[in-house]
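Peer 1: Just need the structure, nothing else, for what follows:
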Amino acid sequence: MTLSSPLALLAAGLLAGSAAQALPWTVQLNNAAGKPLAGAVVAVELLGRTGKAGSGAKAEMAQRERQFQPALLIVQTGTAVSFPNFDVVRHHVYSFSPIKVIDVKLYSGTPSEPIVFDKPGVATLGCNIHDRMSAHIVVVDTPLFAITDASGSARLDLPAGEHRLKLWHPSMKAQTLQSHALVVPANALADRPADAAQTRLTLTE
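Peer 2: Down below sits the predicted model:
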């Protein structure tokens, strides 16, 4: 899956406020057929802001009923992820992804050491014992991220300025996020409703 070209970034109205204010901003994603695209990763990197997570940042990718839960996990770069196994059977978690090679051999309970994801990108997970188990961990250089809902929308509070919009969907073959410029104007228009500030994108195969 790639972004259509030229990419239509349609910014329409936002709340009044200064550049320091966080403005409600919605990213609306559609597929090539014009239908809302649910379950997509949306992340915004702020210009001049650090992308690393603070010390002690933790997340969890569990195994329940012979499935990874959640199937899609977003974490900030530097986050330690644990892999607790709540099933009565053992699992063997692995990934050959460039950002993190994982090989947690057959185990029950929770491995003593979490795995730190220190590079941005996408890690595809599997289980060597149960072939139908799969999941993705998406690592981003920002604390501003979300997953699109059933309507294809994700809402983030963004300051005015020039940012980078990062996008990914499980149907994409690439293990890197699509990157595009996003400008949140400082001269907000007071006569526009809060939900009018948005970026609309179309993703095509």
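Peer 1: Just want the most central residue of the protein.
Peer 2: Val41 (3.5 Å; Cα atoms, centre = their mean).
Peer 1: beta partners for that one?
Peer 2: Ile147, Trp168 (DSSP bridges).
Peer 1: so how far is Thr176 from it?
Peer 2: 12 Å (Cβ to Cβ, to the nearest Å). Heads up, the C-betas are built off the backbone N, CA and C, glycines and all.
Peer 1: what pairs with the closest residue to Ser134 other than its chain neighbours across the strands?
Peer 2: Residue nearest to Ser134 in three dimensions, not counting chain neighbours: Gly126, with 5.4 Å by Cβ to Cβ, 6 or more residues apart in numbering. With DSSP bridges as the criterion, Gly126 is bridged to Tyr94, Ser134.
Peer 1: start the count at 13, not 1, going forward
Peer 2: Yep, numbering from 13; the last one is Gly138 now.
Peer 1: isn't Gly138 right up against Ser107?
Peer 2: Yes. Using Cβ atoms under 8 Å, Gly138 is in contact with Ser107, at 7.1 Å.
Peer 1: So which residues of this structure form helices?
Peer 2: With DSSP state H as the criterion, the chain has no helices.
Peer 1: What are the structural domain limits within this structure?
Peer 2: 14-61+154-216, 70-152 (automatic domain parsing).
Peer 1: Would you mind putting these into CSV with mean pLDDT alongside?
Peer 2: Below are the domains of the chain laid out as CSV (pLDDT from 0 to 100):
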stretch, mean pLDDT
domain 14-61+154-216, 76
domain 70-152, 96
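Peer 1: roughly how far apart are Leu49 and Pro36?
Peer 2: 20 Å.
Peer 1: Looking at those two, which has the bigger crowd around it?
Peer 2: For Leu49 and Pro36, the more surrounded residue by other Cβ atoms under 10 Å is Leu49, and the numbers stand at 22 against 16.
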